Each structure stands twice: as structure tokens, then as C-alpha cells.
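Peer 1: The following comprises the amino acid sequence and a computationally predicted model.
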Amino acid sequence: MKKEQRLTGILLGIYLILLTWLILFKLQLPLGGWVPYRSLNLVPFGASLIVNGAVDVQEILYNGLVFLPFGLYLGMLQPRRSWWKNLLVMAGLSLAYETLQYLLAIGASDITDLLMNTAGGAVGLLVFSALFHAAGEKGIPVLNRIALAGTVLVVAGVSLLLALTTH
């Protein structure tokens, strides 16, 4: 099982690098090419989500979707850890990102992002829990292969985007 945990750890590391680049740096290259911007919204699903007079549901869903793998990875690395402890880790990471955005003036800090990131991670953790309940430890190598394929596709897609936008 050590080999599987090592692969999961590597995939989690790649995911966290990409997640940090997405959340803090908005996929920009070179890093530091952003205009300082700071805002804080503490009203869940409030005015910060209204674009052209309508709620930007897509933005809300993306925030949940982007954290879903985090729940899967936490479950894979610590399959017997309390669900609530994993939920606290996910909420803590999301809070750290939102706080860094505010402190470094590199984006909008929003309670809705915190809630949806945590909810997305919770969905990932629930998916893992269901699979673990059905397949036990034997399911982790299967999830690792799926995560590896997904990681390769995401890295290839980001690389292609970078190649197209830098030329």
C-alpha cells in the first residue's frame, strides 16, 4: 500500500500546485503580472456573485468542482480518518486561500467561495467513502489510476492553453 500512498501524495502535490496557481494567480504567467485587487464579501451568495443582473451560478459550481479532487485525495491518503477531520482540513485550506488573496491583494475573498470549496471537497470525500465502503482498500489503486489519467489530461490541457496564449 505504500506505493499507492506515494502515488496519491504525488498526485495531491500536483493538484495543490495547480489549485494554488488557479486560485491565487488566476492561471497567469508570468507570476506577478496581476493588478493589485482586494475585496471582501462576507454575505453568502451575495452581491459579489451577480453579473449583469443575474447570479453567476457557473462560478458557484466551479468553486465546488475544483475542490472535489481534494476530498478524494484526502480520503485516499487517510481512509480511516474521521470525515469531520477531513472536512476541517478542506475548510482550512480554502480559508487559507481566501485569506492570502485578501492579505496579498491578489483577488476577491468571498465567503461563498469558502462554502462552495468546502462543499466540493465534501462531495469528493463522500464519493471516496462510498467507493471505499463498496470496494475497501482494493478501490484505492483504481482511484489512483483514474486520478493519474485526470492529472495527465489537466496538465496537458493547461500546457496546451499556455502554448496557445504565449505565442
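Peer 2: Thanks, I have the structure now.
Peer 1: Helix or strand next in line after the helix or strand of the chain with the lowest mean pLDDT, which one?
Peer 2: Lowest mean confidence among the helices and strands of the chain (mean pLDDT, DSSP states H and E): strand 50-51, at a mean of 65. The helix or strand immediately downstream of strand 50-51 is strand 54-55, counting by DSSP states H and E.
Peer 1: what packs against that following strand?
Peer 2: When contacts are defined as 3 or more Cβ pairs under 8 Å, 6 or more residues apart in numbering; DSSP states H and E, strand 54-55 sits against none of the other helices and strands. Where C-beta positions appear, they are placed from N, C-alpha and C, glycine not excepted.
Peer 1: List the residues that contact A122.
Peer 2: By Cβ atoms under 8 Å, 6 or more residues apart in numbering, the contact list for A122 reads 71, 87, 90.
Peer 1: quick one: which helix or strand includes the residue nearest the centre of the chain?
Peer 2: Compute the mean C-alpha point of the chain, and by Cα atoms, centre = their mean the closest residue is F67, 3.0 Å away. Counting by DSSP H and E, the element that carries F67 is helix 57-77.
Peer 1: mind listing what's buried in the next helix or strand after that helix?
Peer 2: Later in the chain than helix 57-77, the nearest helix or strand by DSSP H and E is helix 83-103. Buried residues in helix 83-103, defined by neighbour count with 16 or more other Cβ atoms under 10 Å: 86-87, 89-91, 93-95, 97-98, 101-102.
Peer 1: Check stretch 20-40 too.
Peer 2: Neighbour-count burial for stretch 20-40, counted by 16+ other Cβ under 10 Å, picks out 23-25.
Peer 1: what angle do the longest helix along the chain and helix 57-77 make?
Peer 2: Scanning the chain for the longest helix, with DSSP state H as the assignment, gives helix 139-165. Comparing the axes of helix 139-165 and helix 57-77 via axes from the mean of the first three to the mean of the last three Cα atoms, to 10 degrees yields an angle of 140 degrees.
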